[in-house]
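Novice: Need the 3D shape of this:
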Amino acid sequence: MCFSAEASFSAGTILLGIGVVSLYKAQSIPQKILACIPLLFSIQQFDEGILWLTFSNPAYMPWQQFSIHTFLLFAQVIWPVFVPLSILLIEKDPVRKKILRVTLGIGILFAIYLSYCLFTYDVTAVVSGHHIKYEFKYPYARGWYSGIVYGISTIISPLASSNKKMRLIGIIILIAFIISAIFYGEYLISVWCYFAAVISMIVLLAIIEMRKKL
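Specialist: Reported below is the predicted structural model:
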């Protein structure tokens, strides 16, 4: 999470537990891929916990840049691809699958661009207002249109699913994005992941539901 190292490590531990249970409950390859969402969230939160430590303990300072890049790799590169891919793999409806392929394609292209920027331009992070503020100056990545492109892969893809739980995830991500944008502004990239635990629980419930239908 975005408030302290303790909060991030606690969240990472909870998400790890949810992820392990989700993976255990999953019975097919597509379900197992979906079950990795809580585990990836867990890694991301543990990483941000380490980043918090670099600000308060000089001994951890050598890990700061690595932690920044790792967090942004998840936020900007992994999620725009993994979210539509995991939902596409469990989708059965042919029309919805076509929509999801489009969102996945857009996510891949956007992730490639952001991956290039991440390792080409300087990225930094500072603690401000009890949050971590990630600072980067990518070309064309700060405009409103970049938010729309990011939203197509991470919000539209779950909303396009025929699975009710996936659509609920899309609604939650949308609400999280709006709340974060309105109340936290420049801390958006860190704060909206506060909803990771809720999303992960829904993933677990979706897998349990799909398991019963087999």
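Novice: low-scoring stretches of the protein, by residue?
Specialist: Applying pLDDT under 70 to the chain flags residues 1-2, 140-145, 180-194, 214.
Novice: which residue ranges form the strands in it?
Specialist: 123-128, 131-136 (DSSP state E).
Novice: Looking at those, which is nearest to Thr13?
Specialist: Among the strands of the chain, the nearest to Thr13 by C-beta to C-beta is strand 131-136 (19.0 Å). Bear in mind the C-beta positions are built from the backbone N, C-alpha and C, glycine included.
Novice: before we move on, the earlier item: what's the most buried one of the strands of the chain?
Specialist: strand 131-136 (a mean of 18; mean count of other C-beta atoms under 10 Å).
Novice: Sheet partners, orientation included, of that one?
Specialist: Within its sheet, strand 131-136 is paired with strand 123-128 (antiparallel), according to DSSP bridges.
Novice: For the strand it pairs with, list the C-alpha coordinates in CSV.
Specialist: Extracted in CSV, the C-alpha atoms of strand 123-128 (Å, rounded to 0.1, in the frame of the first residue of the first chain):
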residue,chain,number,x,y,z
VAL,A,123,12.4,7.7,-12.8
THR,A,124,12.4,8.7,-9.2
ALA,A,125,10.2,8.6,-6.1
VAL,A,126,9.7,10.8,-3.1
VAL,A,127,7.7,10.6,0.1
SER,A,128,5.1,13.4,0.1
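Novice: so where's the longest helix in this structure?
Specialist: In the chain, taking DSSP state H as the definition, the longest helix is helix 29-56.
Novice: Tell me the helices and strands packed up against that one.
Specialist: For helix 29-56, the packing partners by 3 or more C-beta pairs under 8 Å, 6 or more residues apart in numbering; DSSP states H and E come out as helix 5-25, helix 64-72, helix 79-90, strand 123-128, strand 131-136, helix 196-213.
Novice: Now do the third one and helix 196-213, the angle between them.
Specialist: I take that to be helix 79-90. Here helix 79-90 points in a direction 10 degrees away from that of helix 196-213 (axes from the mean of the first three to the mean of the last three C-alpha atoms, to 10 degrees).
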